[in-house]
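Visitor: Quick one, structure for this:
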Amino acid sequence: MPEIVRRLAAKYHLTIISSAKDKTIKKFLKKHKVIKYFNDILGYDSHTSKIEKIRKIIKKYKAGPKNCLFITDTLGDIIEAEKCRVKSLAVIDGFHPKSILQKGKPAIIIKDRSKIIPAINKFFHESK
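Guide: Predicted coordinates for the structure are as follows:
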């Protein structure tokens, strides 16, 4: 994943929105030498609601929901992103299986992490 993060950061603004504690997220990112690629890290300490964290990022960068994509492995994240009109890319090798993720109707579902960059590039190319 570090190479994927590095390549995405060269082209996109990257933010982490998580339910984990900010300190835990930062420790993990430092360990894997990728913290410098993330412009914002909004964990549990920032707010308990992912909806509020998504809204905060949209407002901060004046991005608009169509200029955002939420990458996740849980149905709950897909639902919360959709409440902010943000589309999701669901990765099925994580927490929830494909059958659960499909219930949220993510814009993209991928199994292989090597497909993340092409899927994101295609999403943003087609949304313009």
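Visitor: And residue 42, how far from residue 5?
Guide: 17 Å (C-beta to C-beta, to the nearest Å). C-beta here means a position set from N, CA and C on the backbone, and glycine is covered the same way.
Visitor: Repeat that for residue 98.
Guide: Using C-beta to C-beta, residue 98 is found at 24 Å from residue 5.
Visitor: neighbour count winner among these two?
Guide: Comparing residue 98 with residue 5 by other C-beta atoms under 10 Å, the one with more neighbours is residue 5, at 19 against 12.
Visitor: Following element in sequence after whichever helix or strand that one is part of, please.
Guide: Here residue 5, judged by DSSP states H and E, is contained in helix 2-9. Remark: after helix 2-9, the chain's next helix or strand is strand 15-17, criterion DSSP H and E.
Visitor: Direction included, what does that next one pair against?
Guide: Strand 15-17 has its sheet partners listed here by DSSP bridges as strand 40-42 (parallel).
Visitor: any low-confidence regions in this structure?
Guide: Along the chain, segments meeting pLDDT under 70 span 127-128.
Visitor: where exactly do the helices run in it?
Guide: Secondary structure of the chain (DSSP state H): helices at 2-9, 22-31, 50-61, 75-83, 98-101, 116-126.
Visitor: most tightly surrounded among the ones you listed?
Guide: Of all the helices of the chain, helix 75-83 carries the top mean neighbour count, a mean of 20, counting by mean count of other C-beta atoms under 10 Å.
Visitor: counting contacts, what elements does that one pack onto?
Guide: Applying 3 or more C-beta pairs under 8 Å, 6 or more residues apart in numbering; DSSP states H and E, one finds that helix 75-83 contacts helix 50-61, strand 69-72, strand 87-91, helix 98-101.
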